[in-house]
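K.L.:
Below are the sequence and a predicted model for it; my questions follow.
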Protein chains: 4
Amino acid sequence: MLGSKIYKIIVLVVSIITLGITGYMWLSNYSFVDALYMTVITVTTVGFGEVKPFTPEEKIFTIFLILTSITVFGYAVSAFSEFLVSGKLFDHFKHK
Amino acid sequence: MLGSKIYKIIVLVVSIITLGITGYMWLSNYSFVDALYMTVITVTTVGFGEVKPFTPEEKIFTIFLILTSITVFGYAVSAFSEFLVSGKLFDHFKHK
Amino acid sequence: MLGSKIYKIIVLVVSIITLGITGYMWLSNYSFVDALYMTVITVTTVGFGEVKPFTPEEKIFTIFLILTSITVFGYAVSAFSEFLVSGKLFDHFKHK
Amino acid sequence: MLGSKIYKIIVLVVSIITLGITGYMWLSNYSFVDALYMTVITVTTVGFGEVKPFTPEEKIFTIFLILTSITVFGYAVSAFSEFLVSGKLFDHFKHK
Ligand SMILES: [K+]
Ligand SMILES: [K+]
């Protein structure tokens, strides 16, 4: 059950990076490196700044990318906490 | 009790986004997309930069928006932790 | 014991904001609003950008401010976790 | 066991800062202060912006630095949680 959650998180993270790269290459004519760079600094909230100033369409896409990645990150933290609370902690009680 | 907390968090998040959009449209004459974009990059701490350079009034509003959203985020994390600790964990003891 | 920790966190947060305002007003001749704005976007990691480009001295001060606020934030998270784990959780066992 | 984890985290954090300083001094001809500043604002996700606009090579290095520091930070949070759950909490049960 936990294994499948970790698998889901990996799939979701790869999907978000692919979504970001595709979006910035297609909407903004960014090079692959620029699109990957823009995606990584967005989803990690480093946020150095826009490689080129954004059009309204690019702003809407970036809002969507941020909200999607926060949701996935929330899911990852939740799955990790569940692992700590229901997995490891439970083991401690068994070995008491 | 937990359900009402999740409901409160949703109301608070929607209020903050509405506050941000209203503030940036009214104080800065931003378009709706610019105001939403500025609000989302502020409250998520992505922080790409100011769409247009801020006046002192806009800086004070942004400080207020950041401090408000941190408080709400703190409340959300606290409510989530309470769910993990008092909700799920407690169930494990009942089923032991 | 917990009350004194919350008191310590409040004192530390107020100290960091005072340190930031003093530093940016004194080193960079920022106005009070600019110094407060720079401090808030730094310690909350929003990081919109430098109000005016930084000199090497201002960069060293900012590095010091970031590292100080991360330490305080780490202490706050640690105190909060201790509250959750040793405080509330323990109560649940007592009422079982 | 926990002590060795804290030691590992310190070694990893020092390694990342050394990596960042070396990378930015060597790739970008940054001064020591600029390279340290760039590294600190990157790994803490403050992200004020690039000291000088990045070349594609510098963008790839920065992506690598961000992903490395997130992994180390994840390890640090995990080790800290383990301390809270398996260390302190366990003590509470012993003293019950
Ligand atoms: K920024
Ligand atoms: K940021």
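P.N.:
Yep, that arrived. Ligands and ions are numbered 1, 2, ... in the order given.

K.L.:
contacting residues for the residue in chain A positioned nearest to ligand 1?
P.N.:
Residue of chain A nearest ligand 1, by C-beta to the ion: A:G47 (4.6 Å). C-beta here means a position set from N, CA and C on the backbone, and glycine is covered the same way. Residues in contact with A:G47 (C-beta atoms under 8 Å, 6 or more residues apart in numbering or on different chains) are A:41, B:41, B:45-48, C:47, D:45, D:47.

K.L.:
just checking, which of those belong to helices?
P.N.:
Residues of the contacts of A:G47 located in helices (DSSP state H): A:41, B:41.

K.L.:
can you list the residues of chain A near ligand 1?
P.N.:
Neighbours of ligand 1 within chain A, by C-beta under 5 Å from the ion: A:G47.

K.L.:
what ranges do the helices span in chain A?
P.N.:
With DSSP H as the criterion, chain A has helices spanning A:2-28, A:32-43, A:56-82, A:89-94.

K.L.:
So which of those helices is nearest chain B?
P.N.:
Nearest to chain B, of all these, is helix A:56-82, at 4.2 Å by C-beta to the nearest C-beta.

K.L.:
and the angle from the closest one to helix A:32-43?
P.N.:
Using axes from the mean of the first three to the mean of the last three C-alpha atoms, to 10 degrees, the inter-axis angle of helix A:56-82 relative to helix A:32-43 is 60 degrees.

K.L.:
Helix A:56-82 vs chain B: in contact?
P.N.:
Yes: using C-beta under 8 Å from any C-beta of the partner chain, helix A:56-82 reaches chain B at A:56, A:59-60, A:62-63, A:66-67, A:70, A:78, A:81-82.

K.L.:
Which secondary structure elements does that helix sit against?
P.N.:
helix A:2-28, helix A:32-43, helix B:32-43 (3 or more C-beta pairs under 8 Å, 6 or more residues apart in numbering or on different chains; DSSP states H and E).

K.L.:
That helix: which residues count as buried?
P.N.:
A:58-59, A:61-63, A:65-66, A:68-69, A:72-73, A:76, A:80-81 (16 or more other C-beta atoms under 10 Å in any protein chain shown).

K.L.:
Any idea how far that helix is from the middle of the chain?
P.N.:
6 Å (C-alpha atoms, centre = their mean, to the nearest Å).

K.L.:
Same check on stretch A:10-27?
P.N.:
9 Å.

K.L.:
average pLDDT across it?
P.N.:
Averaged across stretch A:10-27, pLDDT comes to 94.

K.L.:
what's A:T44 sitting at in phi/psi?
P.N.:
phi -90, psi 0 (degrees, to the nearest 10).

K.L.:
My guess is it contacts D:T71. True?
P.N.:
No: here A:T44 lies out of contact with D:T71, judged by C-beta atoms under 8 Å, at a distance of 11.5 Å.

K.L.:
picking that back up, okay, among the residues of helix A:56-82 next to chain B, which ones form the most distant pair?
P.N.:
The span of the residues of helix A:56-82 next to chain B, defined through C-beta to C-beta, is set by A:P56 and A:E82 at 39.4 Å.

K.L.:
Of the contacts of A:G47, which ones also sit close to ligand 2?
P.N.:
Okay, of the contacts of A:G47 touching ligand 2 (C-beta under 5 Å from the ion), that's B:47, C:47, D:47.

K.L.:
Per-residue pLDDT of the first one, please?
P.N.:
Put plainly, it is B:G47. At B:G47, pLDDT is 95.

K.L.:
okay if I get the helices and strands packed on helix A:56-82 as TSV plus mean neighbour count and distance to C:K5?
P.N.:
Putting the helices and strands packed on helix A:56-82 into TSV (neighbours: other C-beta atoms under 10 Å in any protein chain shown; distance: least, C-beta to C-beta, whole Å) gives the following:
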stretch	mean neighbour count	distance to C:K5
helix A:2-28	15	33
helix A:32-43	21	33
helix B:32-43	21	27
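
K.L.:
Distance to C:I17 for the ones you listed - can I get that in a markdown table?
P.N.:
As requested, these are arranged in a markdown table below (distance: least, C-beta to C-beta, whole Å):
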| stretch | distance to C:I17 |
| --- | --- |
| helix A:2-28 | 34 |
| helix A:32-43 | 27 |
| helix B:32-43 | 18 |
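
K.L.:
Nearest to C:Y37, out of those?
P.N.:
Sorting these by C-beta to C-beta, the top spot, which is the nearest, belongs to helix B:32-43 at 12.1 Å.
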